[in-house]
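When you get a sec, could you give me coordinates for this:
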Amino acid sequence: MNDKHSYDTAMNQARSMVYKLLSSLFAKELDHQLLHELTSPQAQAFFTQLASEPKFADDVTTLTSVLNKLNTDKALLELAADYCGLFLVGTKHSASPYASLYTHQANDNADEVLLFGEQHQQMLNYLQQSQLQVQSVFPEPADHIAVILAYVAHQCGISDDATQLKFISQYLNSWLAKFSDKVKAADSGHFYSALASLTQSWVTADCEALAHTN
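Residues are numbered from 1 along each chain as shown. Model (predicted):
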């Protein structure tokens, strides 16, 4: 039997940190507390390290540039409005953050038909198997991108590479390109376009790395 502690390596801890970061940025609008954390010296060092990989550099630079300019309440509110318009209003011109809407054939009533559907139930099962649950303060279907990213972050240190690769490929990488394109088309600013692009690039690179270890 494999010892779960054997997966808790420095590399997997770093991977988990990236997934947690991406999850936190998709989970809710930026507030003063999260902004303070993201502009701390530790966070800046983390962003610098992440940007040392050329395929992530442009998106990380965009994210940090926006974060460093959020020095007024008005700027923070404007970014919050971008988040709301993209992920909360649920119109055809938004970018709904639910896996179900990208893994099924789209139709006019896709939002109503598929939310809290099969993908949601599958993610609930995964969470329950890991003795996890969606927090009550986050009243979203379990196939929300923030939930899936947080689950992957949790799995980084306790599951073997093959198990992680199978999950990430099926429940995340399979629809991220469509989601990223939707965000880029709908985003009136630059922050969430860069976030979606970084997420797609990171997950693609992570899948490639996991595949090479098998």
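
so Ala196 touches Trp175, yeah?
No: when contacts are counted by Cβ atoms under 8 Å, Ala196 is not listed as touching Trp175 (11.8 Å). In short, each C-beta sits where N, CA and C put it, glycine included.

So the two - more neighbours on which side?
Ala196 (27 against 21; other Cβ atoms under 10 Å).

I'd like to know the phi and psi angles of that one, please.
phi -60, psi -40 (degrees, to the nearest 10).

Which helix or which strand is home to Lys182?
Assigned by DSSP states H and E, Lys182 belongs to helix 174-186.

residues of that helix that come out buried?
Neighbour-count burial for helix 174-186 flags Trp175, Leu176, Phe179, Ser180, Lys182, Val183, Ala186 (criterion: 16 or more other Cβ atoms under 10 Å).

Show the subsequent helix or strand relative to the helix or strand hosting Asp58.
Here Asp58, judged by DSSP H and E, is contained in helix 54-68. Going down the chain from helix 54-68, the next helix or strand is helix 73-87, by DSSP H and E.

Give me the buried positions along that next one.
Under the neighbour-count criterion of 16+ other Cβ under 10 Å, helix 73-87 has Leu76, Leu79, Asp82, Tyr83, Gly85, Leu86, Phe87 buried.

Would you convert those residues into CSV that also reports pLDDT and distance to Phe47?
Shown next, in CSV, are the buried residues of helix 73-87 (pLDDT from 0 to 100; distance: Cβ to Cβ, whole Å):
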residue, pLDDT, distance to Phe47
Leu76, 95, 19
Leu79, 96, 17
Asp82, 95, 20
Tyr83, 96, 20
Gly85, 93, 25
Leu86, 95, 22
Phe87, 94, 22
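
Need the residues that contact the helix holding Lys182.
The contact list for helix 174-186 (Cβ atoms under 8 Å, 6 or more residues apart in numbering) reads 85-86, 93-97, 99, 102-103, 145, 192-193, 195-197, 199-200, 203-204.

The same query, at a cut-off of 7 Å, please.
Applying Cβ atoms under 7 Å, 6 or more residues apart in numbering, the external contacts of helix 174-186 come out as 86, 93-95, 99, 102-103, 192-193, 196-197, 199-200, 203.
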